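Chemist: when you get a sec, could you give me coordinates for this:
(chains A and B)
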There are 2 protein chains.
Amino acid sequence: MTLELISSNKSFGGWLKRFSHASTVLSCEMRFSVYLPPQVEDGTKVPVLYWLSGLTCTDENFMQKAGAQQLAAELGLAIVAPDTSPRGEGVADAPDGAYDLGLGAGFYVNATQPPWNTHYQMYDYIVSELPAIIEAHFSINGKVAISGHSMGGHGALMIALRNPDKFVSVSAFSPISHPSNCPWGEKALSAYLGNDKSLWQTYDASVLMQQATAFLPTLVDQGDADEFLPHQLQPEALEQAAKISGYPLELRRQPGYDHSYYFIASFIADHLRFHARHLQ
Amino acid sequence: MTLELISSNKSFGGWLKRFSHASTVLSCEMRFSVYLPPQVEDGTKVPVLYWLSGLTCTDENFMQKAGAQQLAAELGLAIVAPDTSPRGEGVADAPDGAYDLGLGAGFYVNATQPPWNTHYQMYDYIVSELPAIIEAHFSINGKVAISGHSMGGHGALMIALRNPDKFVSVSAFSPISHPSNCPWGEKALSAYLGNDKSLWQTYDASVLMQQATAFLPTLVDQGDADEFLPHQLQPEALEQAAKISGYPLELRRQPGYDHSYYFIASFIADHLRFHARHLQ
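Modeler: The predicted structure is shown next:
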């Protein structure tokens, strides 16, 4: 588990670092970004927030555009942003280069279907391999939260719901809330998992939340001017699921906001403070 | 002077808007971004900060990466980010596609030499044409400040020094402080202005500051881990010039910071508060 440093930028008194490493789970070279707040410099062990990005993103988008570092520095919070799919030579991509399947579109599942099953094991990478690397290499105190946007909002909610023991809190911006029942999800899940919809449902936050018996504090923000809201995102499915299981979901509709990083930047401070309260 | 709206994103209660318009001065279609703080919605007239970007940038980089909108919303400050050169079919570019001449590298001067002199009149565009458009179309109170990064830091300082009556304050990150005497500047100024170095000096902040008799509050931040510091940026030339004329320059060296937007983001709040004090 050696890490190769790609770049290092001082940011709000801490450091933003990009690393590459050989991933056993994904059978390829992977990159991630990590923001280390200034508290790390004097040996303090800090809590960590994982951020899962959306379709077409890499590990870089969040760190460049969300404006999270200022408050993360104040709160003493590390942030880890993984890539959104396996990458590199020999890694399958959508035959037509579509943005919503293959590279940049791993959907945080373990693929069972060829050609995807060779590399597309993003669930295991995010849940197991990457956290082990982060714990081994950085000054982390073991308290972990997770968040994400769109496809990554789906990933964050789904992973937290399946692993309530691993996280203290979860949040999402504009998540794909019910992927087994929307065009993006149906396309990706049928390709990666085949036609057995019961397998799809094991990766569907609305299905998992409805069945949940272990609860995590959950904050979701959704812009009401989001072009993907009605067909792809379906926050009402999540609300319905929370009602059934009594899940502690706080879902906020933000008037006038769209699907972009300008929306994320506008409310990321609320999410960081929410997680920081539970990470204390 | 009609503006065409390209996009609109709600951001921290205000709006980030991109427009295109026909530029008479540049003889081409130009784009700019403007952040309108929430105060504008109820008819308040607000001060404006012009932001000039560096080599390779467009009107988008600052708005995506600097994280300025949160505090601009609080302070009630509009921000205008122009493009860094003329664009479009028929606009000359560096024959070898170099990043430091032609498209994305207008250097905020009025070119006198062919083929550049047809379109590369960025000085007049920034000083006269664009402000007239902004005043005509937005809820602006007439108080104006200017800032920028690298080539745009040069632009901001130089334009403020040549037009002290038009601005209340000026700031810069990592400016090309003495362009008539560094590789980037020598390449661009010889191409755009020819070999008469006395003309170059009319666009050189260090020369202008040394000769200045009208003073503006001036804040400059420079990272000491900036790879371009010794050969291209030369803040010591600016300090020297300020000493000679008694110019009110506050130049801060920030330990560990580089030339990236992560540096800008880390200190943009200081610059916005600095300008807001003078814009009141």
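
Chemist: what's near enough to touch the most centrally placed residue in chain A?
Modeler: In chain A, the centroid-proximal residue (CA atoms, centre = their mean) is A:Leu52; its distance is 2.1 Å. Applying CB atoms under 8 Å, 6 or more residues apart in numbering or on different chains, we find A:Leu52 in contact with A:82, A:84, A:108, A:126, A:146-149, A:151-153, A:155-156, A:159. (Each C-beta comes from the backbone N, C-alpha and C, glycine too.)

Chemist: now it: phi and psi?
Modeler: With angles defined as degrees, to the nearest 10, A:Leu52 sits at phi -100, psi 120.

Chemist: what pLDDT does it get?
Modeler: A:Leu52 is assigned a pLDDT of 98 by the prediction.

Chemist: ranges for the helices of chain A?
Modeler: Applying DSSP state H to chain A gives helices spanning A:61-65, A:69-75, A:122-124, A:130-137, A:151-162, A:183-193, A:197-201, A:205-211, A:235-245, A:261-279.

Chemist: give me the buried positions along the last one.
Modeler: In this case it means helix A:261-279. A:261-269, A:271-272, A:274-276, A:279 (16 or more other CB atoms under 10 Å in any protein chain shown).

Chemist: quick one: contacts of that helix?
Modeler: For helix A:261-279, the external contacting residues (CB under 8 Å, 6+ apart) are A:47, A:49, A:61-62, A:65-68, A:71-72, A:75, A:77, A:143-145, A:147, A:149, A:168-169, A:171, A:173-174, A:217, A:219, A:221, A:223, A:226, A:254, A:257, B:9-13, B:16, B:64, B:67, B:69-70.

Chemist: now do 7 Å
Modeler: Residues outside helix A:261-279 that contact it (CB atoms under 7 Å, 6 or more residues apart in numbering or on different chains) are A:47, A:49, A:61, A:65-68, A:71-72, A:75, A:77, A:143, A:145, A:147, A:149, A:168-169, A:171, A:173, A:217, A:219, A:221, A:223, A:254, A:257, B:9-12, B:16, B:67, B:69.

Chemist: tell me which of these fall in strands.
Modeler: Among those, the ones falling in strands (DSSP state E) are A:47, A:49, A:143, A:145, A:147, A:169, A:171, A:173, A:219, A:221, A:223, A:254, B:9-11, B:16.

Chemist: which one of the residues you listed is nearest A:Pro230?
Modeler: Among the ones in strands among the contacts of helix A:261-279, A:Gly223 lies closest to A:Pro230 (CB to CB), at 12.5 Å.

Chemist: ok now do that closest one, which residues does it touch?
Modeler: Residues in contact with A:Gly223 (CB under 7 Å, 6+ apart) are A:Ser174, A:Gln254, A:Tyr257, A:Asp258, A:His259, A:Phe263.

Chemist: picking that back up, quick check: of the ones in strands among the contacts of helix A:261-279, which has the highest neighbour count?
Modeler: Greatest neighbour count in those, by other CB atoms under 10 Å in any protein chain shown, goes to A:Ser147: 31 neighbours.

Chemist: just list whatever residues bridge to that residue.
Modeler: Beta bridges link A:Ser147 to A:Trp51 when assigned by DSSP bridges.

Chemist: surely it meets A:Ala172?
Modeler: Yes: if you go by CB atoms under 7 Å, A:Ser147 and A:Ala172 touch, sitting 6.3 Å apart.

Chemist: what residues are shared contacts of the two?
Modeler: Common contact partners of A:Ser147 and A:Ala172 (CB under 7 Å, 6+ apart): A:Ala156.

Chemist: tell me how far stretch A:230-239 is from the chain's mean position?
Modeler: Remark: stretch A:230-239 is offset 18 Å from the chain centroid, using CA atoms, centre = their mean, to the nearest Å.

Chemist: do stretch A:3-17 as well
Modeler: Centroid separation for stretch A:3-17 versus its chain: 20 Å, with CA atoms, centre = their mean.

Chemist: how about stretch A:19-39 and chain B, any contact?
Modeler: No: figure legend: stretch A:19-39 not in contact with chain B (CB under 7 Å from any CB of the partner chain); closest approach 9.8 Å.

Chemist: pull out the buried residues from that stretch.
Modeler: Buried residues in stretch A:19-39, counted by 16+ other CB under 10 Å: A:19-21, A:23, A:25-26, A:28, A:30-39.

Chemist: buried set for stretch A:88-101?
Modeler: For stretch A:88-101, a neighbour-count test (16+ other CB under 10 Å) marks A:Val91, A:Ala92, A:Asp93, A:Ala94, A:Asp100, A:Leu101 as buried.

Chemist: residue of the stretch 51-200 of chain A with the smallest distance to chain B?
Modeler: Here the stretch 51-200 of chain A gets closest to chain B at one residue, A:Gly67, 3.5 Å apart by CB to the nearest CB.

Chemist: ok, now how distant is the closest residue to A:Val48 other than its chain neighbours from B:Lys197?
Modeler: Spatial nearest neighbour of A:Val48, chain neighbours left out: A:Ala78 (4.4 Å); criterion: CB to CB, 6 or more residues apart in numbering or on different chains. Distance, A:Ala78 to B:Lys197, using CB to CB, to the nearest Å: 51 Å.

Chemist: between these two, tell me which one has more neighbours.
Modeler: Each of A:Ala78 and B:Lys197 has its neighbours counted (other CB under 10 Å); A:Ala78 has more, 24 against 14.

Chemist: verify the contact between that one and A:Pro38 for me.
Modeler: No: applying CB under 7 Å as the test, A:Ala78 and A:Pro38 come out as separate, 11.1 Å apart.

Chemist: quick check, pLDDT for the residue located most distally from the centre of chain A.
Modeler: Distance from the centre of chain A peaks at A:Asp42, with 28.7 Å (CA atoms, centre = their mean). Model confidence at A:Asp42, given as pLDDT, is 90.

Chemist: quick check: it vs A:Gln280, distance?
Modeler: To A:Gln280, A:Asp42 is 19 Å away according to CB to CB.

Chemist: quick one: buried residues of stretch A:160-172?
Modeler: Buried residues in stretch A:160-172, counted by 16+ other CB under 10 Å: A:Ala160, A:Leu161, A:Asn163, A:Lys166, A:Phe167, A:Val168, A:Ser169, A:Val170, A:Ser171, A:Ala172.

Chemist: and for the residue nearest to the fourth one when sequence neighbours are not counted, the neighbour number?
Modeler: In other words, A:Lys166. Spatial nearest neighbour of A:Lys166, excluding adjacent residues (CB to CB, 6+ apart): A:Val144 at 6.3 Å. Under the neighbour criterion other CB under 10 Å, A:Val144 is assigned a count of 23.

Chemist: list the contacts of A:Gln232.
Modeler: If you count contacts by CB under 7 Å, 6+ apart, A:Gln232 has them with A:Ile176, A:Cys182, A:Pro183, A:Trp184.

Chemist: show me the two of those that sit farthest apart.
Modeler: The span of these, defined through CB to CB, is set by A:Ile176 and A:Pro183 at 10.0 Å.

Chemist: so for stretch A:76-92, mean pLDDT?
Modeler: Stretch A:76-92 comes out with an average pLDDT of 97.

Chemist: that stretch: end-to-end distance?
Modeler: The straight-line separation of the ends of stretch A:76-92 (CA to CA, to the nearest Å) is 39 Å.
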